[in-house]
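Chemist: structure of the sequence below:
(one chain, ligands or ions: 1)
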Amino acid sequence: MCGIVGYIGEKQAPHILLDGLRKLEYRGYDSAGIVTINENRLQLIKAEGKVDILESRLLKENPRGTVGIGHTRWATHGKPSDENSHPHLSNDCKVAVVHNGIIENYMDIKEELVAEGYKFYSETDTEVIVHLIKKYMDGNFEEAFLKTVERLNGSYAVCAVAAAEPDKILCARKDSPLVVGLGSGENFIASDIPAILRYTKNCYILEDGEFAVITRDKVVVKDSKGNLIEKKLQEITWNSEAAEKGGYEHFMLKEINEQPEVFKNTLRGRLKEKSVDFSELKIPEEDIKAWKKIFIVACGTAYHAGLVGKTVFEKLLKIPVEVDIASEYRYRDPLVDKNTLVIVVSQSGETADTLAALRYSKEAGAKVLAITNVVGSSIARESDYVAYIWAGPEISVASTKAYTTMLITEYLLAIYFAEVKGTMKEEEIYPLVEGLRNIPTNAVQVLENQMYKRIAEDLKNETDAFYLGRGLDWAAALEGVLKLKEISYVHAEAYAAGELKHGTLALITEDTHVITINTQKNISDKTLSNVQEVKARGAKVIIIAQGNDETSKKYAEKVLYIPEMPDLLTPVITAIPLQLIAYYTAVAKGTNVDQPRNLAKSVTVE
Ligand code: AGP
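Modeler: Next up, the predicted model:
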């Protein structure tokens, strides 16, 4: 996904911008560029490909200037190319713009501008912004910028510089994140905090409709009508070390290994001796008691967390729970009203479809509870209540610790709501509370297993694999195959084990790899019968089972044991072997683990 960084100060901007762009690489991108203002002239360098390519161009061309903006682009309008990469320049090369998001009415504006003689050099929607600024530039950059932003429909985080007013950067946002970092005699802009964390921990988070004028010594924020806004200073508590790989080969491996510690953070302050306290949410108890239905809405891995949540909330709260993919939910007129709680789940808090689902739900009268990782994200800000997963920055595109902490947060919420609603007995709740307390230790135990690499060595030569499970194990299998597919590019299917013989069994042949998750005691026999069906066709079976399960051994070539725990909680721990199998398969195949092809960390466009 696109990333923005900007700098104005006394230092040379190019290397600061380049450093910021490197910190944004994890978002996924296909090209990068910067522009600086040097002696009232714009110096532009941009190129398709990785930031390394941009760096070699910078070394050759040695741009100068203490003001500049930079961008990493993830193609939406127009293919990845030098021309389509940002920044974009006005025809007279006096104004430059970088932009994240999508301008929905760009075709109309483009026609108007072309008719007026403006020449376009790219296929992007963004280029209309820079020509509009130029068109309105009548001696006042700020006014021209504001007039331009008023014309834009869609989503944008946009930053602009002009040679005529070389000591300022202008920026504005709508539905796309933008933060202003505050320094001494210097200020920064970024779409994501890691880009500027090395330089400052103090920032303003811009809201939709806000516009900022950034100079070396001052940051002025205004609303769309030009009224001054008193922004609250936010202190970022992440250190830059937390956003680095910390000695691991990949961010993904680091993040998988962080899980035991991260789980403690998620549980901290919420898990009590024999109960859960989630009163931090400040949801009135009478509202909790009034909910008749829950919707869980999310995308990708967060959706898989929602599938686990469905079982957990239904079991504990005794009310129906529906789970929806956000891109489906937003267009299917779901039945939501004031007695429905809508839970949106999103690591980034910026996923466009999930944000749209949130807005739909609020308009329909429902209260929205966000489960998210990013403080100050759009989803966190627009929801009625926010339960943070406290996973810390997740850099790898493949979500790992965010998924498992989403699950833990769902358990905590379900137990808390059940206590308020009185739908569970104390003796039913207590084992779950104890189970959650043991979760960090259980995670340490599965991380120590040495078998994952060996399984990956076999999987790396496969074109297809099958994951089976029933109930919660099926939900876990769905997340397991997503991990395998997205980073190792091995095609895999997750099947509800009982459904296999209704068609897909035809694909099981000699040596097909079948990973079966078998942790749910009440349906274990049924799952093992399905395992026998695939074994009879010559499949190679690996089973993930709880530590006391002797039967699984009879049916599998390998059994990966997880510690014993309440069946309801196993998805948190079964996720870890599945993450590591996917990780080592990708490493064995030599794929780009942290930035898989075609994917982006934060999907802020529809
Ligand atoms: C999973 O590994 C992916 N990164 C992806 O499916 C992700 O979970 C999805 O795009 C939703 O992102 P979010 O949690 O930031 O909303």
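Chemist: spit out the contact partners of Thr124.
Modeler: For Thr124, the contacting residues are His77, Gly78, Asn84, His86, His88, taking C-beta atoms under 8 Å, 6 or more residues apart in numbering as the criterion. For every residue, glycine as well, the C-beta is placed using N, CA and C.
Chemist: reformat the residues you listed as JSON lines; add neighbour count and pLDDT.
Modeler: Compiled in JSON lines, those are given as follows (neighbours: other C-beta atoms under 10 Å; pLDDT from 0 to 100):
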{"residue": "His77", "neighbour count": "16", "pLDDT": "80"}
{"residue": "Gly78", "neighbour count": "16", "pLDDT": "81"}
{"residue": "Asn84", "neighbour count": "23", "pLDDT": "94"}
{"residue": "His86", "neighbour count": "30", "pLDDT": "97"}
{"residue": "His88", "neighbour count": "28", "pLDDT": "98"}
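Chemist: ok and the residue in the stretch 201-350 of the chain nearest the ligand?
Modeler: In the stretch 201-350 of the chain, the residue found nearest to the ligand is Gly300; the distance is 1.9 Å by C-beta to the nearest ligand atom.
Chemist: was I right to think that residue contacts Ala402?
Modeler: No: proximity of Gly300 to Ala402 does not meet the contact threshold set by C-beta atoms under 8 Å, at 10.5 Å.
Chemist: the more surrounded of those two?
Modeler: Between Gly300 and Ala402, Ala402 has the larger neighbour count (other C-beta atoms under 10 Å), namely 28 against 23.
Chemist: still on that earlier bit, which one of the contacts of Thr124 sits closest to Glu25?
Modeler: Checking the contacts of Thr124 against Glu25 by C-beta to C-beta gives His86 as the nearest, at 15.2 Å.
Chemist: that closest one belongs to a strand?
Modeler: No: looking at His86 with DSSP: H, G, I helix; E, B strand; the rest coil, it is coil, so not inside a strand.
Chemist: contacting residues around the lowest-mean-pLDDT helix or strand in the chain?
Modeler: Of all the helices and strands that make up the chain, strand 234-235 has the lowest average by mean pLDDT, DSSP states H and E, namely a mean of 87. When contacts are taken as C-beta under 8 Å, 6+ apart, the neighbours of strand 234-235 outside the stretch itself are Lys201, Asn202, Cys203, Tyr204, Ile205, Gly376.
Chemist: name the nearest residue to the most centrally placed residue in the chain, sequence neighbours excluded.
Modeler: Among the residues of the chain, the one closest to the centroid is Ser348, at 3.7 Å (C-alpha atoms, centre = their mean). Spatial nearest neighbour of Ser348, chain neighbours left out: Ser602 (4.1 Å); criterion: C-beta to C-beta, 6 or more residues apart in numbering.
Chemist: try Asn522
Modeler: If the residues on either side of it in the chain are set aside, Asn522 comes closest to Asp567, at 7.5 Å by C-beta to C-beta, 6+ apart.
Chemist: I figured the one you found hits Asp473, correct?
Modeler: No: applying C-beta under 8 Å, one finds Asp567 not in contact with Asp473, separated by 9.3 Å.
Chemist: if we can go back for a sec, which one of the contacts of strand 234-235 sits closest to Lys367?
Modeler: Checking these against Lys367 with C-beta to C-beta, the nearest one is Gly376 at 20.6 Å.
Chemist: hey, what's the closest residue in space to the closest one that isn't next to it in sequence bridged with?
Modeler: For Gly376, ignoring the flanking residues on the chain, the nearest one in space by C-beta to C-beta, 6+ apart is Ile205 at 4.4 Å. Here Ile205 sits in beta bridges with Val179, going by DSSP bridges.
Chemist: distance of Ile205 from Glu230?
Modeler: Taking C-beta to C-beta, to the nearest Å as the measure, Ile205 and Glu230 are separated by 14 Å.
Chemist: more crowded one of these two?
Modeler: For Ile205 against Glu230, the residue with the higher neighbour count under other C-beta under 10 Å is Ile205, and the figures read 20 against 5.
Chemist: gap between the more buried one and Leu178?
Modeler: Between Ile205 and Leu178 the distance is 8 Å, computed by C-beta to C-beta.
Chemist: gap between the two ends of stretch 260-273?
Modeler: Using C-alpha to C-alpha, to the nearest Å, one end of stretch 260-273 lies 20 Å from the other.
Chemist: pull out the buried residues from it.
Modeler: Pro260, Val262, Phe263, Asn265, Thr266, Leu267, Arg270, Leu271 (16 or more other C-beta atoms under 10 Å).
Chemist: try stretch 110-125
Modeler: Burial within stretch 110-125, assessed by neighbour count using 16+ other C-beta under 10 Å, is assigned to Lys110, Leu113, Tyr118, Ser122, Thr124, Asp125.
Chemist: domains of this protein?
Modeler: Residue ranges of the domains in the chain are recorded as 2-243, 251-437, 452-589, according to automatic domain parsing.
Chemist: now those domains in TSV, with distance to Pro596?
Modeler: Below are these laid out as TSV (distance: least, C-beta to C-beta, whole Å):
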stretch	distance to Pro596
domain 2-243	8
domain 251-437	6
domain 452-589	5
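Chemist: got the phi and psi for Gly167?
Modeler: Gly isn't right for residue 167; it's Asp. Backbone torsions for Asp167, taken as degrees, to the nearest 10, come to phi -110, psi 30.
Chemist: list the contacts of it.
Modeler: Under the criterion of C-beta under 8 Å, 6+ apart, the contact partners of Asp167 comprise Ile8, Val67, Thr215, Arg216.
Chemist: identify the bridge partners of the second one.
Modeler: With beta bridges defined as DSSP bridges, Val67 has these partners: Ile8.
Chemist: mind checking pLDDT for it?
Modeler: Val67 is assigned a pLDDT of 98 by the prediction.
Chemist: quick one: the closest residue in space to Lys274 that isn't next to it in sequence from the ligand, how far?
Modeler: Distance criterion C-beta to C-beta, 6+ apart; nearest residue to Lys274, sequence neighbours excluded, is Tyr430 at 5.4 Å. When C-beta to the nearest ligand atom, to the nearest Å is the yardstick, Tyr430 and the ligand sit 31 Å from each other.
Chemist: would you agree Tyr430 falls within a helix?
Modeler: Yes: secondary structure assignment places Tyr430 in a helix (three-state DSSP).
Chemist: can you offset everything so residue one is 43?
Modeler: New numbering, starting at 43: the last item is Tyr472.
Chemist: tell me the pLDDT at it?
Modeler: Confidence per residue is given as pLDDT, and for Tyr472 that number is 96.
Chemist: what about the residue in the stretch 393-542 of the chain that the ligand sits nearest to, how many residues close to it?
Modeler: Checking the stretch 393-542 of the chain residue by residue against the ligand with C-beta to the nearest ligand atom singles out Thr393 as nearest, at 3.3 Å. Neighbourhood size, Thr393 [other C-beta under 10 Å]: 29.
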